[in-house]
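*Asks:* okay, predicted coordinates and the sequence, questions at the end:
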Amino acid sequence: MTGMKPSRTTTRALVAAALLATAGASVPAVASSTAPPPARSGSNGPAYDRVADFYGAYIDAVTDSGSGRLDSQLRGFYLTSGLRSRLAGWENREHADGVLRAQDVPRAWKVTAGDSGMGHTWSTVRLTWGSAQHPTYTYLTVRSDLATKKISDIKPRS
């Protein structure tokens, strides 16, 4: 077979195959799922975002028995000193957690923005109790100071 020249068509096919193989090796593999990976984000936004941050972290802290004093540290950071004093009195009388207004820990929470005025803003916190099949809810009205974004009052929604 020496002395035989490959045809132009064969040469072109070999060159094209080599180029395709090289290009294919440099293309990253495509994931089998077209759904984007889960992501969360945050910002230093409105006061109700701080309420949501607080309730999320606080519920995690009181749920995790190994969190030490994290629940009281969160109270110190997010709540005004006046509210912390009022909560201590309420908790002594009621023998319950004043932030949650309960003796137990909810399985979920949701914060919705409310009205603002006179230097304050109000949020509604919905706490979810019970099973996924039979949930029950309690609602709290949470007041935040607009200047500091600190939580200044927590009451059952009337």
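*Replies:* In hand now; what should we look at?

*Asks:* relative to residue 147, how far out is residue 94?
*Replies:* Counting by Cβ to Cβ, to the nearest Å, the gap from residue 94 to residue 147 is 30 Å. Yep, even glycine has a C-beta here, placed from its N, CA and C like the rest.

*Asks:* just the helices in this structure please.
*Replies:* Assigned by DSSP state H, the chain shows helices spanning 8-26, 47-63, 70-78, 81-94.

*Asks:* out of residue 94 and residue 147, which sits in the more crowded spot?
*Replies:* With neighbours defined as other Cβ atoms under 10 Å, residue 94 and residue 147 compare such that residue 94 has more, 12 against 9.

*Asks:* who's the closest spatial neighbour of residue 107, skipping the chain neighbours?
*Replies:* Nearest non-adjacent residue to residue 107, counting by Cβ to Cβ, 6 or more residues apart in numbering: residue 128, 5.6 Å away.

*Asks:* residues in contact with that neighbour?
*Replies:* Taking Cβ atoms under 8 Å, 6 or more residues apart in numbering, we find residue 128 in contact with 106, 107, 108, 109, 110, 135, 136, 137.

*Asks:* thank you, goodbye.
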